[in-house]
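**Student:** give me the fold of what follows.
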Amino acid sequence: MTRSTTFGPLAHRMFALLMAGVLLTNLGNSVQAVGASWQLTAMGEPADIVALVQTALNLPILLLALPAGAWADMHDRRRVVLGAQGFMLALSLLLAALALSGAAPAWAIVALTAFLACGIATFSPAMGASIRGTVPKAELAAAVALNILIFNTARAAGPALGGAIVAAGGAGTAFVVNAACYALAIALYLRWKPEPQPPREPRPLTAMVAEGLRHAFASKPIRAIFVRAFAFTASGAAAWALMPLVAARLLDAGPSTYGLLLGALGLGAVIGAASATTIRQRFGAETITRGAGVLYGLAIVAVSLRPGLAATLALLVIGGAGWVQALSGFSVAAQLWAPQDVVGRVVALASAVTFGGLATGSWLWGHYAESVGVAGALLASGAAMVALPLLGLLVPMPDHRPPADA
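**Tutor:** Numbers count the residues shown, from 1 in each chain. Below is the predicted model of the structure:
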C-alpha cells in the first residue's frame, strides 16, 4: 500500500472521527465527575471523601493502564475501544438509575466512578496508539497535541455544562448525559475502519507487560518523563480534588459556580494545548516543564488567598494553561521516544504515572485539607509546584527530538 493511500484524505477523515469520539467521551466524563463530586458535597461528606472522586477517577488508570496498553498491542484496537465504551455506557446507566431513585450512597458513587475509570484505562491506550497509525510520523506531535486540545476542550466545556445540568436537574441528570455521550461515541466508532494491523504472534499478557516495562525503564529519557509527570501531577492535584469545596467553602456558592471554576481551569487548558506546538518549537522540554509548574503553582497560591470569584476564575485560566503545557509535553515525549512495537504500552505507562500522580495527590491533599483547611491545602500545593522545577536539576526532561530509530 502506498504512503499516499495510507495517509491520504480517508485516513485524515478517520482521524477526525476518532477525535470526535474522544471529545464526546471526555465531555461525558467531565459532566459525570461534576455530578459525583457535587453530590458528595451536597450530602455533607468531609473533604477526604469528596477528594476520593478524583482518586477514583485516576487510580484505576495507574493500576490498569499497562495491562490495557499490552492488550491494545495484542488485539484489534477498534474492538478494544468499542468494548470499553460499551462497558462505560452500562455503568453510567446504572449510576444514573441509582441517583434518580435516591438510592446512591457515597460508597456507590465512588465505586461506580472507579469502575468507569477502569473503562477509560482500557480505552485510552488503544485510542492513543491508534493515532500513530492514522497520521504520518512527521505529523504525530501535532496530532497528539490536537488530541490533548480536544481533551481539554471537553475539560473546559464539560464542567461548566455539568454545573448547569446539576443545578437544573441534579446529579442524576448529569449521569444520564454522560451515558448519552458514550452512546454517541459508540455510534462514531462503529464507523471507524482502521488499517489492518500486522498479524502478531499470540503471547501471554504477563510477557507483554514485562516487555513494556523493560523497554520503558531501560530508556533513561522515558524514565525521566515518568518521574517528572508523576511529581508534577501529585504536587498539583489539590486544586482538581478540592474544587467543589473551593466553591462551597471558600466562595460560599453552589454547583453552577463549581462548574465555572472547573470550566476556567479547562479553558486555560485549551489555551495551553492550542499554543503547545508553537511553544514547543521555541523552547526546550525542560524550560517548558519548569515554567509551566511555576505558572500553575503561583496561580493556585493566589486562589488560596480568596481573591473573589472573578479573580479566582482568571487565576484558574492562567493555571490551567500552565498545567496542560506540562501534560502535553509529557504525552508528546512518551509518544516520540517509544519504540513502534511497544508504543501502546509506553503510552499506557505514561498515562499510568500521570493519573497515578493525580490519584495519589488527590488522596493526600484531601486528608491534608481535613487538618489545615481547603485554603491551607491549596497554598501548600501551589508552593510545592513553585519549588518543583528544582527536580529538573536531577532528572531533566529529554529533548523534543528523539533519535530517528526511537
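**Student:** near Leu213, how many other residues are there?
**Tutor:** Residues within reach of Leu213, counting by other Cβ atoms under 10 Å, total 16. All C-beta spots, glycine's among them, are computed from the backbone N, C-alpha and C.
**Student:** OK, contacts around it?
**Tutor:** Leu66, Arg345, Leu349 (Cβ atoms under 8 Å, 6 or more residues apart in numbering).
**Student:** give the buried residues for the lengthiest helix in the chain.
**Tutor:** Counting by DSSP state H, the longest helix found in the chain is helix 9-42. Under the neighbour-count criterion of 16 or more other Cβ atoms under 10 Å, helix 9-42 has 11, 14-15, 17-41 buried.
**Student:** packing partners of it?
**Tutor:** helix 47-74, helix 77-100, helix 106-132, helix 140-169, helix 171-189, helix 220-245, helix 255-274 (3 or more Cβ pairs under 8 Å, 6 or more residues apart in numbering; DSSP states H and E).
**Student:** still on that earlier bit, most neighbours of all the contacts of Leu213, which one?
**Tutor:** Neighbour tally across the contacts of Leu213 (other Cβ under 10 Å): the maximum, 32 neighbours, falls on Arg345.
**Student:** what's the helix or strand for that one?
**Tutor:** Assigned by DSSP states H and E, Arg345 falls within helix 343-372.
**Student:** ok, back up a step: for the contacts of Leu213, which one is nearest Phe151?
**Tutor:** Ranked by distance to Phe151 (Cβ to Cβ), the contacts of Leu213 are led by Leu349 at 18.2 Å.
**Student:** so what's that closest one up against?
**Tutor:** Ala65, Leu66, Gly69, Gly212, Leu213, Ala216, Ile222, Phe226, Ala334.
**Student:** can you pull the pLDDT of the third one?
**Tutor:** Per-residue confidence at Gly69 stands at 73 (pLDDT).
**Student:** how many neighbouring residues does it have?
**Tutor:** With other Cβ under 10 Å as criterion, Gly69 counts 31.
**Student:** who touches it in this structure?
**Tutor:** Pro125, Ala129, Gly212, Gly344, Arg345, Val346, Val347, Ala348, Leu349.
**Student:** again, only using 7 Å
**Tutor:** Contacts for Gly69 (Cβ atoms under 7 Å, 6 or more residues apart in numbering) come out as Pro125, Gly212, Gly344, Arg345, Val347, Ala348, Leu349.
**Student:** same thing with the last one?
**Tutor:** Taking Cβ under 7 Å, 6+ apart as the definition of contact, the neighbours of Ala334 are Ile222, Ile225, Val346, Val347, Ala350.
**Student:** neighbour-wise, which one of these leads?
**Tutor:** Neighbour-wise, those (other Cβ under 10 Å) top out at Ile225, 31 neighbours.
**Student:** pretty sure that residue is touching Phe330, no?
**Tutor:** Yes: using Cβ atoms under 7 Å, Ile225 makes contact with Phe330 at a distance of 5.7 Å.
**Student:** determine the residues that are contacts of both of the two.
**Tutor:** Common neighbours of Ile225 and Phe330, counting by Cβ under 7 Å, 6+ apart, are Ala350.
**Student:** got any ranges where the stretch 301-406 of the chain has weak pLDDT?
**Tutor:** Low-confidence segments of the stretch 301-406 of the chain (pLDDT under 70): 340-341, 344, 400-406.
**Student:** now do the SS call for Arg249.
**Tutor:** helix (DSSP: H, G, I helix; E, B strand; the rest coil).
**Student:** with adjacent residues omitted, what lies nearest to it?
**Tutor:** Val374 (5.4 Å; Cβ to Cβ, 6 or more residues apart in numbering).
**Student:** also Leu62?
**Tutor:** That would be Gly356: by Cβ to Cβ, 6+ apart, it lies 3.2 Å from Leu62.
**Student:** Ala299: what's it in contact with?
**Tutor:** Leu315, Leu316, Ile318, Gly319, Gly322 are the contacts of Ala299 under Cβ under 7 Å, 6+ apart.
**Student:** check whether the fourth one really touches Gly266, as I assumed.
**Tutor:** No: with contact defined as Cβ under 7 Å, Gly319 and Gly266 do not form a contacting pair (11.0 Å).
**Student:** low-confidence regions, the protein specifically.
**Tutor:** 1-12, 132-141, 145, 152, 155-156, 194-203, 205, 340-341, 344, 400-406.
**Student:** from what I can see Ser256 touches Ile165, true?
**Tutor:** No: using Cβ under 7 Å as the test, Ser256 is too far from Ile165 to be in contact (9.9 Å).
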